[in-house]
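1. structure, please.
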Amino acid sequence: MEGISLGHTTFTQLENFTGLESGFLLRLLNTLSNEYQIVKKEKPLFPNNRKITKYSCTNNFIYFWFKYVFSFQSILELDHTSGVLDKISKEQNTLLGFAYENLCKEYIFDVASRSHPGRSGSNKHGKEALEVLKHENILEIGKWWDKSGEIDIILRTDNNTVLLVECKLAVQQITDKSITSFIKTANRIDAIKSKNKKLLFFTAEECPAETKRLLDKNNIGVVEVHANSLATY
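-> Residues are numbered from 1 along each chain as shown. All right, here's what the predicted structure looks like:
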């Protein structure tokens, strides 16, 4: 669990980090996954390389404890907490980002089940993407990644529409650079090149009109998914 929390997410990385024999490590990961359900083995949806897998922690508390308590136990036992607290503060956005991705998945399924109107802060292409969620059934949902980048959420509907979503807590993260990177990453997914794909940003903040126009110009949607957006409806 410490290895996963520190970013060693492939089997080879975990093998090197722990020094455990591969067979024993595999049995241990299977136990943590199947019996305790605190580890998840993931494969990208529409993988270019079907051998790509990674492991993640499904429990936010356990992830936090191993990353910031267990890893710095010797320091914390001496009551020297300032360095660890500073590290937590610096990495806060990353931690919140994981939680925000889960919130965005909930939002997607709420829109799909019509329990949420799905209209807040959308630009033209954002509204079009939300209409897909309302009128087409989700068949698959997951993530996508390769050695050069990743996409936070990717899903396929029964109408063969593929929706690719990047989740940004801060609207300032939606820049010319991040837009270009998003488009390039989406274009690297071989299996969806002939499909109807829609690109979409979710942001936790109010999106300025200028940013909405920039995204519309690049055929990308944006939807404001605030932390209280699910509880509101």
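2. any low-confidence regions in the protein?
-> For the chain, the stretches flagged by pLDDT under 70 are 115-121, 228-233.
3. 50 instead?
-> Within the chain, the ranges that satisfy pLDDT under 50 run 230-233.
4. tell me which residue of it is furthest from the middle?
-> Distance from the C-alpha centroid of the chain, by C-alpha atoms, centre = their mean, peaks at residue 78 (35.8 Å).
5. what does it show for phi and psi?
-> Dihedral pair for residue 78: phi -90, psi 10, per degrees, to the nearest 10.
6. the residue nearest to the spatial centre of the chain and residue 210, how far apart?
-> By C-alpha atoms, centre = their mean, the chain has its centre lying nearest to residue 152, at 3.5 Å. Plainly put, residue 152 is 23 Å away from residue 210 if you go by C-beta to C-beta, to the nearest Å. Every residue, glycine included, has its C-beta placed from N, CA and C.
7. still on that earlier bit, name the strands paired with the helix or strand where the residue nearest to the centre of the chain lies and say parallel or antiparallel.
-> Secondary structure assignment for residue 152, by DSSP states H and E: strand 150-157. Neighbouring strands of strand 150-157 in its sheet, by DSSP bridges, are strand 138-145 (antiparallel), strand 161-168 (antiparallel).
8. how far off centre is that strand?
-> Put simply, strand 150-157 sits 9 Å off its chain's centre (C-alpha atoms, centre = their mean, to the nearest Å).
9. run a quick neighbour tally on residue 201.
-> 28 (other C-beta atoms under 10 Å).
10. just the helices in the protein please.
-> 2-5, 11-18, 22-34, 60-64, 73-76, 82-90, 92-112, 124-135, 176-187, 209-217 (DSSP state H).
11. same list, those helices, but as JSON lines with distance to residue 44 and mean neighbour count please.
-> Below are the helices of the chain laid out as JSON lines (distance: least, C-beta to C-beta, whole Å; neighbours: other C-beta atoms under 10 Å):
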{"stretch": "helix 2-5", "distance to residue 44": "17", "mean neighbour count": "19"}
{"stretch": "helix 11-18", "distance to residue 44": "15", "mean neighbour count": "15"}
{"stretch": "helix 22-34", "distance to residue 44": "17", "mean neighbour count": "13"}
{"stretch": "helix 60-64", "distance to residue 44": "21", "mean neighbour count": "14"}
{"stretch": "helix 73-76", "distance to residue 44": "34", "mean neighbour count": "11"}
{"stretch": "helix 82-90", "distance to residue 44": "29", "mean neighbour count": "11"}
{"stretch": "helix 92-112", "distance to residue 44": "15", "mean neighbour count": "16"}
{"stretch": "helix 124-135", "distance to residue 44": "21", "mean neighbour count": "18"}
{"stretch": "helix 176-187", "distance to residue 44": "11", "mean neighbour count": "14"}
{"stretch": "helix 209-217", "distance to residue 44": "24", "mean neighbour count": "15"}
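12. among the ones you listed, which is nearest residue 50?
-> Closest approach to residue 50 among those (C-beta to C-beta): helix 11-18, 14.7 Å.
13. and that closest one, what does it pack against?
-> Under the contact criterion of 3 or more C-beta pairs under 8 Å, 6 or more residues apart in numbering; DSSP states H and E, helix 11-18 touches helix 2-5, helix 22-34.
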